[in-house]
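Engineer: coordinates only, sequence not included:
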């Protein structure tokens, strides 16, 4: 089994990329890969409640995030610096997501077999 890290750095408001990345995470997990997701840059906006984001045609990001545990995707990480730069408080984020430092991100990426970014 390989470890797969999906690095989400795009806002859910600009394209279909966020939905496609979450779909990729679910498919990889269905094939028994160990999947983690790292939200960086504008990708942290994917974690905000639906009232603060819009549903992108074809994907409901909030529902997809809620479905991740069904696929055994439980490791969600958030870039601390990205939150600070966008003035997003931890109280607005899912409780099962862990805020990590830049150094922790480097270790995560280094120890993962496959990193997928868009």
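Structural biologist: Nice, thanks for sending it over. Please read these numbers as outputs of a predicted model, since none were measured by experiment.
Engineer: where along the chain do the strands fall?
Structural biologist: Using DSSP state E, the strands found in the chain span residues 3-8, 34-39, 75-79, 97-100, 114-117.
Engineer: counting contacts, what elements does the last one pack onto?
Structural biologist: Read it as strand 114-117. Packing contacts for strand 114-117, counted by 3 or more CB pairs under 8 Å, 6 or more residues apart in numbering; DSSP states H and E, involve strand 3-8. Glycine gets a C-beta too; all of them are placed from N, C-alpha and C.
Engineer: angle of the strand it packs on against strand 34-39?
Structural biologist: Using axes from the mean of the first three to the mean of the last three CA atoms, to 10 degrees, the inter-axis angle of strand 3-8 relative to strand 34-39 is 20 degrees.
Engineer: any idea of the angle strand 3-8 forms with strand 75-79?
Structural biologist: Strand 3-8 runs at 40 degrees relative to strand 75-79, counting by the same axes, to 10 degrees.
Engineer: so where's this protein uncertain?
Structural biologist: The chain contains residues with pLDDT under 70 at 50-58.
Engineer: quick revisit: make TSV from the strands of the chain and add distance to residue 91 and mean neighbour count to it.
Structural biologist: Below are the strands of the chain laid out as TSV (distance: least, CB to CB, whole Å; neighbours: other CB atoms under 10 Å):
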stretch	distance to residue 91	mean neighbour count
strand 3-8	21	22
strand 34-39	16	22
strand 75-79	13	21
strand 97-100	12	16
strand 114-117	28	14
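Engineer: Backbone dihedrals for residue 72, please?
Structural biologist: Phi and psi for residue 72, reported as degrees, to the nearest 10, are phi 60, psi 30.
Engineer: Just give the number of residues close to it.
Structural biologist: 14 (other CB atoms under 10 Å).
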